[in-house]
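S.K.: Any chance you can model this:
(one chain, ligands or ions: 1)
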Amino acid sequence: MTDATAPEHRPHETPAHIDEAAGYDTVLVLDFGAQYGQLIARRVRECHVYSQLIPFDAPLDEIRARRPRGLILSGGPMSVYVDDAPRPDPALFDLGVPVLGICYGAQLMALELGGTVTRTGASEFGKTRLCVAEHGTMLAGLDDTEQCWMSHRDCITAPPDGFVTLARSDGAPIAAMEDRARGLFAVQFHPEVVHTPRGMDVLGNFLYQACGCGPTWTPASIIEEQVARIRAQVGPHDRAVLGLSGGVDSTVAAVLVHKAIGDRLVCVFIDQGMMRESEAEHVVEMFTEHLKIPLIAVDARRRFLDRLVGVTDPERKRKIIGEEFIRCFEEESRKLTDAKFLVQGTLYSDVIESGTRQAAKIKSHHNVGGLPEKMGFELVEPLRLLFKDEVRAVGEQLGLPERIVWRQPFPGPGLGIRIIGEVTAERVDILQRADAILQEEVKNAGLYRELWQCFAILPVIRSVGVQGDERTYAYPIAIRAVRSDDAMTADWARLPYELLETVSSRIINEVPEVNRVVYDVSSKPPSTIEWE
Ligand code: XMP
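M.R.: Numbers count the residues shown, from 1 in each chain. A predicted model of the protein is given here:
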């Protein structure tokens, strides 16, 4: 894939991660810096085959140790002819494990095995017609002409010995090729993106026909496997503690661990007074009435607000909220003297993204609302293998209500970073009421699940308005709604005007402290999703 992502942002996993998924047929994606590396792994998993992303130069021994059923070489931003182009160990092709090369990965395969890759000078980018001459294993079931997504400059012009050319496009004389006997497959196009409508069939052919994988990666099997692992880790007598936020990750983690060790799990929920409207009550009710998981609910509202008096700087706010959260949690968990384990809802994307440089610099967020590792607990991380959509699928399988499973992400410091200026109880209350109207209307419009996040912001300024012939001087509310896959980038959502109108008029009519509603039309970058 020709893009600006340099391969130095390679994901990295600890060796300890290797056998966490030993029970599953596994396909490893070797990441050459592709924009869509994670997406390939997600698509493989959508085919119910477990997949992990590893650096392109992972040692062969490590690859062997994972006993993969197949390997996928991702795309990458470079030309194979550039001096420092990332190259895999050529012995990779002799492991006896089927290999699929995608885009840059396809070209590497061609080059390493004696084919020709030509710098044509021209590029092929976007939706492209794929002409299938032979279906072979990989294109089985496809029509003779299909749409595919291309993004390349160089192209394969002669296949290595033993390969059959399966398809071409206008800009790629060899758009797909395979050597069935050696289990080597290559596509110049991107089967993982939605603009290749039959891409999942191509991946499925590779996974099921070429690699012989079974569809073993399912929510039910994930639950079974994780419950067994948690039991093995925590043992029959120890206790665990979990910091509950009320979001989907910590809730799913709690239910999984509770399933494994029962009431030896205790959840601690700290109400810092900056949750969405009624959320704290909902969390307590759900855990005590429905899930019946032991919960210590701490009303820390006063405590947090007191510490925020006079604070307007976003970073100080975040720091104070984060520190106070840890302090509260420590006080509570200390009371559970014999808890040895701390459950955290770390996701697979956190595991592979940790170490990217950008995250920490712009905002201190990823430490806020989290707990330091040096609290002396041993960590239990039952979601460590899962992408967010898989956590949701597991949540559904566990029977959690839609309200929890599909909850949009909510930042640790909560409404504290959506009040732009000093946080006071009155402002939290205003923002909660405005936000609740927005949530309700977006849900009514059927758009809630489509959006990564939608929320209200209260900038602490006032402007003049007129209501019922009277001058008003009140707060504005800003509405933010974004689409995103991973929060690294985000696009402002084109919400229908009618919806914005309803939200605006309801907020102004129902929240007397507000006389103006504005819509944030900025994307990330250059803006961020949250305002602070
Ligand atoms: P930004 O504002 O950096 O946010 O574009 C990206 C995503 O991260 C969420 N976010 C947080 N999540 N603790 C969290 O758990 C935090 O302190 C925090 N700050 C931002 C934000 O809501 C968005 O989804």
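S.K.: only C-alpha atoms for contact and neighbour calcs from this point on.
M.R.: Fine.
S.K.: Now do the phi/psi pair for the residue in the stretch 201-350 of the chain positioned nearest to the ligand.
M.R.: Of all residues in the stretch 201-350 of the chain, the one sitting closest to the ligand is Arg318 (6.9 Å; C-alpha to the nearest ligand atom). Phi and psi for Arg318, reported as degrees, to the nearest 10, are phi -60, psi -40.
S.K.: Go ahead and confirm it touches Pro413.
M.R.: Yes: applying C-alpha atoms under 8 Å as the test, Arg318 and Pro413 come out as touching, 6.4 Å apart.
S.K.: quick revisit: tell me how far the residue of the stretch 201-350 of the chain closest to the ligand lies from Pro411.
M.R.: Going from Arg318 to Pro411 by C-alpha to C-alpha, to the nearest Å gives 10 Å.
S.K.: ok, those two, which is more surrounded?
M.R.: The neighbour comparison of Arg318 against Pro411 (other C-alpha atoms under 10 Å) goes to Arg318, with 24 against 18.
S.K.: Please determine how far that one is located from Ile457.
M.R.: Distance from Arg318 to Ile457, by C-alpha to C-alpha: 16 Å.
S.K.: Arg87: neighbour count?
M.R.: 14.
S.K.: show me the contacts for it.
M.R.: Contacts for Arg87 (C-alpha atoms under 8 Å, 6 or more residues apart in numbering) come out as Phe56, Asp57, Leu108.
S.K.: Run through those and flag the ones next to the ligand.
M.R.: Applying C-alpha under 6 Å from any ligand atom to the contacts of Arg87, one finds that nothing falls near the ligand.
S.K.: Please flag which of the residues you listed sit within strands.
M.R.: Among the contacts of Arg87, no member is found in strands (DSSP state E).
S.K.: Which among those residues count as buried?
M.R.: Phe56, Leu108 (16 or more other C-alpha atoms under 10 Å).
S.K.: of all the contacts of Arg87, which comes closest to Val351?
M.R.: Distance to Val351, by C-alpha to C-alpha, is smallest for Phe56 among the contacts of Arg87, at 16.9 Å.
S.K.: Pull out the buried residues from stretch 205-221.
M.R.: Buried residues in stretch 205-221, defined by neighbour count with 16+ other C-alpha under 10 Å: Asn205, Phe206, Leu207, Ala210, Cys211, Cys213, Gly214, Pro215, Thr216, Trp217, Thr218, Pro219.
S.K.: Verify the stated contact: the fifth one with Leu100.
M.R.: No: shown here, Cys211 and Leu100 do not form a contact pair, counting by C-alpha under 8 Å, at 10.0 Å.
S.K.: how about the helices in the stretch 51-200 of the chain?
M.R.: Secondary structure of the stretch 51-200 of the chain (DSSP state H, counting those that start in this stretch): helices at 60-65, 104-112, 199-204.
S.K.: so which of the ones you listed gets nearest Arg42?
M.R.: Using C-alpha to C-alpha, the helices of the stretch 51-200 of the chain put helix 199-204 closest to Arg42, at 11.2 Å.
S.K.: Past the closest one, which element shows up next along the chain?
M.R.: Counting by DSSP states H and E, the element after helix 199-204 in chain order, helix or strand, is helix 219-234.
S.K.: chain center to that following helix: distance?
M.R.: 21 Å (C-alpha atoms, centre = their mean, to the nearest Å).
S.K.: Pull out the buried residues from that helix.
M.R.: Going by neighbour count (16+ other C-alpha under 10 Å), the buried part of helix 219-234 is Pro219, Ile222, Ile223, Glu225, Gln226, Val227, Arg229, Ile230, Val234.
S.K.: ditto for stretch 285-293
M.R.: Applying a neighbour-count criterion of 16+ other C-alpha under 10 Å, one finds Met286, Phe287, Ile293 buried in stretch 285-293.
S.K.: Hmm, the second one is touching Ile293, no?
M.R.: What that stands for is Phe287. Yes: between Phe287 and Ile293 there is a contact under C-alpha under 8 Å: 5.5 Å.
S.K.: thinking again about what came up before, which one of the contacts of Arg87 is nearest the ligand?
M.R.: Here the nearest of these to the ligand, counting by C-alpha to the nearest ligand atom, is Phe56; it sits at 27.6 Å.
S.K.: residue ranges with poor pLDDT in the protein?
M.R.: Applying pLDDT under 70 to the chain flags the ranges 1-22, 353-370, 373-374.
S.K.: May I see the domains of it written out as residue ranges?
M.R.: Annotated domains of the chain cover 25-210, 219-405, 418-519 [automatic domain parsing].
S.K.: just so I know, which of these lies nearest Ile529?
M.R.: For the domains of the chain, proximity to Ile529 was assessed by C-alpha to C-alpha; domain 418-519 is nearest, at 7.3 Å.
S.K.: Next, the distance between the ends of that closest one.
M.R.: This stretch, domain 418-519, spans 14 Å end to end (C-alpha to C-alpha).
S.K.: same deal with stretch 68-87?
M.R.: 20 Å.
S.K.: For it, which residues meet the burial criterion?
M.R.: Neighbour-count burial for stretch 68-87, counted by 16+ other C-alpha under 10 Å, picks out 68-80, 86.
S.K.: and if you look at stretch 290-305?
M.R.: Ile293, Pro294, Leu295, Ile296, Ala297, Ala300, Phe304, Leu305.
S.K.: filter those residues down to the ones near the ligand?
M.R.: Applying C-alpha under 6 Å from any ligand atom, the subset of these adjacent to the ligand is empty.
S.K.: Dihedrals phi and psi, Leu415?
M.R.: Here is the backbone geometry of Leu415 (degrees, to the nearest 10): phi -70, psi -10.
S.K.: For Ser484, which residues are in contact?
M.R.: For Ser484, the contacting residues are Leu451, Trp452, Ala490, Asp491, by C-alpha under 8 Å, 6+ apart.
S.K.: partners of the closest residue to the ligand within the stretch 51-200 of the chain in the sheet?
M.R.: Nearest to the ligand in the stretch 51-200 of the chain, going by C-alpha to the nearest ligand atom, is Leu53, at a distance of 22.1 Å. Beta bridges link Leu53 to Val29, judged by DSSP bridges.
S.K.: count of neighbours near it?
M.R.: Other residues within reach of Leu53, judged by other C-alpha under 10 Å, total 24.
S.K.: After the host helix or strand of Ile404, which helix or strand is next? Please name it.
M.R.: According to DSSP H and E, Ile404 maps onto helix 402-405. Once helix 402-405 ends, the next helix or strand along the chain (criterion: DSSP H and E) is strand 419-420.
S.K.: Can that following strand be said to contact the ligand?
M.R.: No: Strand 419-420 stays clear of the ligand (C-alpha under 6 Å from any ligand atom), getting no nearer than 13.2 Å.
S.K.: which secondary structure elements does that strand contact?
M.R.: Applying 3 or more C-alpha pairs under 8 Å, 6 or more residues apart in numbering; DSSP states H and E, one finds that strand 419-420 makes contact with helix 425-444, strand 453-459.
S.K.: To the ligand, which of these lies closest?
M.R.: Of all the helices and strands packed on strand 419-420, it is strand 453-459 that lies closest to the ligand, at 6.9 Å by C-alpha to the nearest ligand atom.
S.K.: What pairs with the closest one, parallel or antiparallel?
M.R.: When sheet partners are counted by DSSP bridges, strand 453-459 sits next to strand 419-420 (parallel), strand 470-483 (antiparallel).
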